[in-house]
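Enquirer: Have a look at this prediction, sequence included:
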There are 2 protein chains.
Amino acid sequence: MREVFQQELREVQDGLVEIATLVAQAIEKATRAFNESNVSLAEEVIADDHLIDQRAQALDELAITILARQQPVARDLRIVVSALRISASLERMGDLATHISQLARYRFPDKVVPKSLRPTFIEMGALDVEIARKLVTLLENEDVELAKAIRNEDDKVDALHLSVFDKVLGETWKGQAVDTVDSTLASRYHERFADHAVAIAQKVDYLATGDWVPEPVG
Amino acid sequence: MREVFQQELREVQDGLVEIATLVAQAIEKATRAFNESNVSLAEEVIADDHLIDQRAQALDELAITILARQQPVARDLRIVVSALRISASLERMGDLATHISQLARYRFPDKVVPKSLRPTFIEMGALDVEIARKLVTLLENEDVELAKAIRNEDDKVDALHLSVFDKVLGETWKGQAVDTVDSTLASRYHERFADHAVAIAQKVDYLATGDWVPEPVG
């Protein structure tokens, strides 16, 4: 029985790593599609999002089955409960990658944001990709140092997000209303993506420490 | 033992109703603060958000304790697992009410959005308030009809959200970049608030039917 249970817990962890890998691929493609106006890449992300949704749902079902059949306690229980929260955040990160891709598709063949903001979005996108990759490794090995690194990168994303508003509301901004809307939404999506990664990192901390931390305000 | 358990399940349900009531009060104040440029009301919402966070966290801890001690199965297990998801959505709805209040506070004594958009935001705000109130009742009595009504109202919020973009991107739009940014963000916050209510309604459906539905794309 105990062996079956350990096997099922490994399946949960493997499932999370697998979904996080799909999310990392999605944000990589989405930010490339966004920055390079690559419409076919954007469509790929949009078309594949249901795979992330399906796997998140299957993982939830597995977690609930484990709770019912194995009735875990202590750390084992925390792993299963955290998995439910983590899968919800990963699913949402997939949605945000889709939203970024949708902006790229709407504006094609134009770029989504005016020239003056492109370096900022390239940097934000690279940070989101880096955060997503670290998340995969964090879910594999629960390295608390990686959780810290993700929080640091999230701080950088937040600073870039604020800098987008500085530019858009600055005197040199020459964008049309459509540029302002798209830059605002795109920046928000990039920022929320990183927030969810921080929420997941907190759940991994919880596995190590037992402190249940609510989702961060963001 | 069974009696203790039923008592604990009632505590979970009461806790959700209590948090939803706080969220309904928060969105009521936030939308009034937003539409009437009432800065003291806005500050009240911002200052009180930690109460929602605290109660959501306490409810999560209660749910985890129940899972560990009572090892529920079948419908009882579904109630506890759903409670964890619902508390996360309610906590997030509180954040969104805070974001709406922050916009009101930043722009005070000005109104956040230009005149041409005010009727739209008054309508969106009224729908969010109505949705939040229905959510309180839904969590009290699990009336599936209420879940449907929430979905209908969410459709109306989505339509208003799109109409904001039509106005902002239309030829008659005379707003500055700051108006465009604020209208975009405010509309997004109102729309996400309603989305979370739909996600909660789906979890309540799950209690009735056993179908675990992932968060909606939105």
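Expert: On my side now, so go ahead.
Enquirer: Alpha carbons of stretch A:79-91, as CSV, please.
Expert: The C-alpha coordinates for stretch A:79-91 follow below in CSV (Å, rounded to 0.1, in the frame of the first residue of the first chain):
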residue,chain,number,x,y,z
ILE,A,79,2.1,17.6,-1.2
VAL,A,80,-1.3,16.6,-2.6
VAL,A,81,-3.1,19.8,-1.4
SER,A,82,-0.2,21.9,-2.8
ALA,A,83,-0.4,20.1,-6.1
LEU,A,84,-4.1,21.2,-6.5
ARG,A,85,-3.1,24.9,-6.0
ILE,A,86,0.0,24.6,-8.2
SER,A,87,-2.0,23.0,-11.1
ALA,A,88,-4.4,26.0,-10.9
SER,A,89,-1.6,28.5,-11.2
LEU,A,90,0.1,26.6,-14.0
GLU,A,91,-3.2,26.4,-15.9
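Enquirer: tell me which element the residue positioned nearest the centre of chain A falls in.
Expert: Nearest to the geometric centre of chain A sits A:M93, at 3.5 Å (C-alpha atoms, centre = their mean). If you go by DSSP states H and E, A:M93 is part of helix A:74-107.
Enquirer: does the host helix or strand of A:K156 come close to chain B?
Expert: Using DSSP H and E, A:K156 maps to helix A:144-168. Yes: using C-beta under 8 Å from any C-beta of the partner chain, helix A:144-168 reaches chain B at A:165, A:168. Placement of C-beta: from N, CA and C, glycine included.
Enquirer: Can you pull out the low-pLDDT segments for chain A?
Expert: By pLDDT under 70, the low-scoring segments of chain A are A:1, A:208-218.
Enquirer: Close to chain B: what parts of it are there?
Expert: So chain A meets chain B at A:49, A:53, A:56-57, A:60-61, A:64, A:67-68, A:71, A:73-74, A:77-78, A:81, A:84-85, A:88, A:91-92, A:95, A:98, A:165, A:168-169, A:173, A:175, A:177-178, A:180-181, A:184-185, A:188, A:212-215, A:217-218 (C-beta under 8 Å from any C-beta).
Enquirer: and these, which are buried?
Expert: Buried residues within those, counting neighbours by 16 or more other C-beta atoms under 10 Å in any protein chain shown: A:49, A:53, A:56-57, A:60, A:64, A:67-68, A:71, A:77-78, A:81, A:84-85, A:88, A:91-92, A:95, A:98, A:165, A:168, A:173, A:175, A:177-178, A:180-181, A:184-185, A:188, A:212, A:214-215, A:218.
Enquirer: Pull out the buried positions in stretch A:7-21.
Expert: Neighbour counts using 16+ other C-beta under 10 Å place A:8-9, A:12, A:15-21 of stretch A:7-21 among the buried residues.
Enquirer: ditto for stretch A:118-133
Expert: In stretch A:118-133, counting by 16+ other C-beta under 10 Å, buried: A:120-121, A:124-125, A:127-133.
Enquirer: would JSON lines of these with secondary structure be doable?
Expert: Listed next are the buried residues of stretch A:118-133 as JSON lines, based on DSSP: H, G, I helix; E, B strand; the rest coil:
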{"residue": "A:T120", "secondary structure": "helix"}
{"residue": "A:F121", "secondary structure": "helix"}
{"residue": "A:M124", "secondary structure": "helix"}
{"residue": "A:G125", "secondary structure": "helix"}
{"residue": "A:L127", "secondary structure": "helix"}
{"residue": "A:D128", "secondary structure": "helix"}
{"residue": "A:V129", "secondary structure": "helix"}
{"residue": "A:E130", "secondary structure": "helix"}
{"residue": "A:I131", "secondary structure": "helix"}
{"residue": "A:A132", "secondary structure": "helix"}
{"residue": "A:R133", "secondary structure": "helix"}
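Enquirer: Nearest to B:D195 among those residues?
Expert: Nearest to B:D195 out of the buried residues of stretch A:118-133 is A:D128 (C-beta to C-beta; 21.6 Å).
Enquirer: gap between A:A68 and A:Q57?
Expert: 17 Å (C-beta to C-beta, to the nearest Å).
Enquirer: May I have the phi/psi pair for A:D143?
Expert: Backbone torsions of A:D143, given as degrees, to the nearest 10, read phi -80, psi 110.
Enquirer: What's the separation between it and chain B?
Expert: 24 Å (C-beta to the nearest C-beta, to the nearest Å).
Enquirer: Quick check: A:Y206 touching A:S82?
Expert: Yes: look at A:Y206 against A:S82 with C-beta atoms under 8 Å: they come within range, at 6.0 Å.
Enquirer: Have a look at these two and say which one is more surrounded.
Expert: A:S82 (22 against 17; other C-beta atoms under 10 Å in any protein chain shown).
Enquirer: Go ahead and confirm the residue nearest to the centre of chain A touches A:V129.
Expert: No: in this structure, A:M93 is not within contact of A:V129 by C-beta under 8 Å, at 11.7 Å.
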